[in-house]
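Peer 1: After the sequence you'll find the predicted model.
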2 protein chains.
Amino acid sequence: MSRKEETKNNLLDAFWELYKEKPMAKITVKEITDKAGYNRGTFYTYFIDINEALEILKASLMPDKEMIINPFMELKKNDGTIIEPIEGTNDYLKKNGEKIAVLLGPKGDPGFVHELKARLREIIISYAKDLEIKEVEDFEYVIEYHVAGLISLYQLWLEKGQNIDEESLGHVYEETAYKGALSVINRMLNDIR
Amino acid sequence: MSRKEETKNNLLDAFWELYKEKPMAKITVKEITDKAGYNRGTFYTYFIDINEALEILKASLMPDKEMIINPFMELKKNDGTIIEPIEGTNDYLKKNGEKIAVLLGPKGDPGFVHELKARLREIIISYAKDLEIKEVEDFEYVIEYHVAGLISLYQLWLEKGQNIDEESLGHVYEETAYKGALSVINRMLNDIR
DNA sequence: TAGTATTGTACAACACGTTGTTGGATTAGT
DNA sequence: ACTAATCCAACAACGTGTTGTACAATACTA
């Protein structure tokens, strides 16, 4: 790794340490460079402003389609076949899960959430492409509901330090997505009679 | 309305006009007071800083429970009775829908979304209170999925200028929440065979 | 007219982004 | 191979704009 790359990474790391704790508006260039051990001016040789630093971080965190969706995704195609979710660990999530949780969380970045939703929507719609759907508007709303729920499920899972194993989460997801959240809630309530 | 209230409202309105167009960080006190037609110092007699102005706005927009949830909510209780959704127009949403859409949107405020989710979760859990649920963790995930989906559904609806009527949206919501998003998607795909 | 709201002005503190400088490394010319 | 020119990371210092505060002067309004 060249010296230049190293410096840039150090600055990004320092920025992230601060971003975890406080909102963008409260972070100053001076804080970043102090933490990373550089002169304040050095920051500007690598980034236009603080916002660009965040953009670079977000870009590096935006996962490939499979990375986020596979642990949860299971979708019946028209012909009845099922896209199985990929089992086992996912290096990407293990590496960046913490950062993603922050960006999706209450102090996070709404733009990031928006982009993530767009990606997931893209995948789901790709299963329906080449088909003409009558209820186009309704279809979009169903997808939006599902994608948002999926992301939030994942975010809560990370927020809670992955308090249940991936398989259990997958099961909850599957039941909810196929039977409906309110039906599942009803079942859970009735189970305790 | 007293002069004081009027001034405060004028300042908040001016702030909102700017907030619609640019992120918090780019808004200055001078811009606000210029737009509202006051001296810059006047701002500080009403607000500690710009952030407090946003907080006040968010607080004024945070709806009572019924306001957001009733247009969509329908939940079977254990005894079989159903909480019917309130029909018809909702003054609050008609008044503030635009602002809410901005806060929920891609340039919005993640804290607001977080708070909104908390409120909705609160309601749903209130239906289950006094009951002991075995799968506590799973239950929470199902609720999270549902609440997030509900909010996103609503936000998309506002973003699209309420392109379908409230009744249709309620129907989509109902089917999805009771039958499951993926089941509904499958139905829509199979319908066109 | 009395009391309150708003203005105008000034100020220190702070963060910003630019500029010009230093010194070590790299390259080019002979 | 040796010298000179150039590049580049890092730095220090400066001017600018914004913030938050204070207080006396002025305008509004009840």
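Peer 2: Sure thing, it's come through.

Peer 1: From now on I want contacts and neighbour counts done on CA atoms only, so please keep to that.
Peer 2: Noted.

Peer 1: Nearest residue to the most centrally placed residue in chain A in space, please, no chain neighbours.
Peer 2: By Cα atoms, centre = their mean, chain A has its centre lying nearest to A:Ile100, at 5.4 Å. Nearest non-adjacent residue to A:Ile100, counting by Cα to Cα, 6 or more residues apart in numbering or on different chains: A:Leu61, 7.1 Å away.

Peer 1: Alongside DNA strand C, which residues does chain A contribute?
Peer 2: A:Ile27, A:Thr28, A:Val29, A:Lys30, A:Gly41, A:Tyr44, A:Asp49, A:Ile50 (Cα under 7 Å from any atom of the strand).

Peer 1: Out of those residues, which are close to DNA strand D?
Peer 2: A:Gly41.

Peer 1: Quick one, which of the residues of chain A next to DNA strand C are buried?
Peer 2: A:Val29, A:Ile50 (16 or more other Cα atoms under 10 Å in any protein chain shown).

Peer 1: List just the nearest of the residues of chain A next to DNA strand C to A:Arg121.
Peer 2: A:Ile50 (29.8 Å; Cα to Cα).

Peer 1: Spit out the contact partners of the residue nearest to that closest one when sequence neighbours are not counted.
Peer 2: Nearest residue to A:Ile50, sequence neighbours excluded (Cα to Cα, 6+ apart): A:Val29, at 6.9 Å. Shown in contact with A:Val29 (Cα atoms under 8 Å, 6 or more residues apart in numbering or on different chains): A:Arg40, A:Phe43, A:Ile50.

Peer 1: By proximity to chain B, which residue of chain A wins?
Peer 2: A:Gly180 (3.4 Å; Cα to the nearest Cα).

Peer 1: one step back: could I get the contacts of A:Val29 in CSV, plus columns for secondary structure and pLDDT?
Peer 2: CSV is the format used below for these (DSSP: H, G, I helix; E, B strand; the rest coil; pLDDT from 0 to 100):
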residue, secondary structure, pLDDT
A:Arg40, helix, 90
A:Phe43, helix, 93
A:Ile50, helix, 90
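
Peer 1: Show the pLDDT at the residue of chain A closest to chain B.
Peer 2: At A:Gly180, the pLDDT value in this model is 92.

Peer 1: Now for the residue lying closest to it once chain neighbours are set aside, how many residues are close by?
Peer 2: Nearest non-adjacent residue to A:Gly180, counting by Cα to Cα, 6+ apart: B:Gly180, 3.4 Å away. By other Cα atoms under 10 Å in any protein chain shown, 26 other residues sit near B:Gly180.

Peer 1: ranges for the helices of chain A?
Peer 2: Ranges of helices in chain A, per DSSP state H, are A:3-21, A:29-36, A:40-46, A:50-61, A:65-69, A:91-104, A:110-128, A:136-159, A:166-179, A:181-191.

Peer 1: Now do the third one: everything it contacts.
Peer 2: So the one you mean is helix A:40-46. A:Lys8, A:Leu11, A:Val29, A:Lys30, A:Thr33, A:Asp34.

Peer 1: Could you identify the most distant pair in those residues?
Peer 2: A:Lys8 and A:Lys30 (15.1 Å).

Peer 1: centre of the chain versus stretch A:99-110, how much separation?
Peer 2: 8 Å (Cα atoms, centre = their mean, to the nearest Å).

Peer 1: My read is that the residue nearest to the centre of chain A contacts A:Ser60, right?
Peer 2: No. Counting by Cα atoms under 8 Å, A:Ile100 stays clear of A:Ser60, with 10.7 Å between them.

Peer 1: Does A:Leu104 touch A:Gln155 like I think?
Peer 2: Yes. Using Cα under 8 Å, A:Leu104 is in contact with A:Gln155, at 6.3 Å.

Peer 1: thinking again about what came up before, now, which of the residues of chain A next to DNA strand C sits nearest DNA strand D?
Peer 2: The closest of those to DNA strand D turns out to be A:Gly41 (Cα to the nearest atom of the strand; 4.7 Å).

Peer 1: does chain B sit close to stretch A:104-120?
Peer 2: Yes. For stretch A:104-120 and chain B, the contact criterion (Cα under 8 Å from any Cα of the partner chain) is met by A:Gly105, A:Pro106, A:Lys107, A:Gly108, A:Asp109, A:Pro110, A:Gly111, A:Phe112, A:Val113, A:His114.

Peer 1: Likewise for stretch A:184-193?
Peer 2: Yes. Legend: contact between stretch A:184-193 and chain B by Cα under 8 Å from any Cα is shown at A:Val184, A:Ile185, A:Asn186, A:Met188, A:Leu189, A:Asn190, A:Ile192.

Peer 1: From these, which one has the minimum pLDDT?
Peer 2: Note: of those, the lowest pLDDT belongs to A:Ile192, at 56.

Peer 1: Please name the residues that touch A:Pro23.
Peer 2: A:Lys107.

Peer 1: From B:Ala59, how far out is it?
Peer 2: Between A:Pro23 and B:Ala59 the computed distance is 19 Å (Cα to Cα, to the nearest Å).

Peer 1: With A:Lys134 instead?
Peer 2: For A:Lys134, the distance to B:Ala59 - Cα to Cα - is 41 Å.

Peer 1: so how far is B:Gly180 from A:Leu156?
Peer 2: Using Cα to Cα, A:Leu156 is found at 20 Å from B:Gly180.

Peer 1: next one: A:His171
Peer 2: Distance from A:His171 to B:Gly180, by Cα to Cα: 14 Å.

Peer 1: for A:Trp157, same thing?
Peer 2: 20 Å.

Peer 1: now swap in A:Gly111 and tell me
Peer 2: For A:Gly111, the distance to B:Gly180 (Cα to Cα) stands at 27 Å.

Peer 1: picking up where we left off before, ChimeraX command for the buried members of the residues of stretch A:184-193 next to chain B?
Peer 2: The ChimeraX selection below is limited to those of those classed as buried (16+ other Cα under 10 Å):
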select /A:184,185,186,188,189
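
Peer 1: Export the residues of stretch A:184-193 next to chain B as a markdown table, with columns for distance to A:Thr176.
Peer 2: Listed next are the residues of stretch A:184-193 next to chain B as a markdown table, based on distance: Cα to Cα, whole Å:
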| residue | distance to A:Thr176 |
| --- | --- |
| A:Val184 | 6 |
| A:Ile185 | 9 |
| A:Asn186 | 11 |
| A:Met188 | 12 |
| A:Leu189 | 15 |
| A:Asn190 | 16 |
| A:Ile192 | 19 |
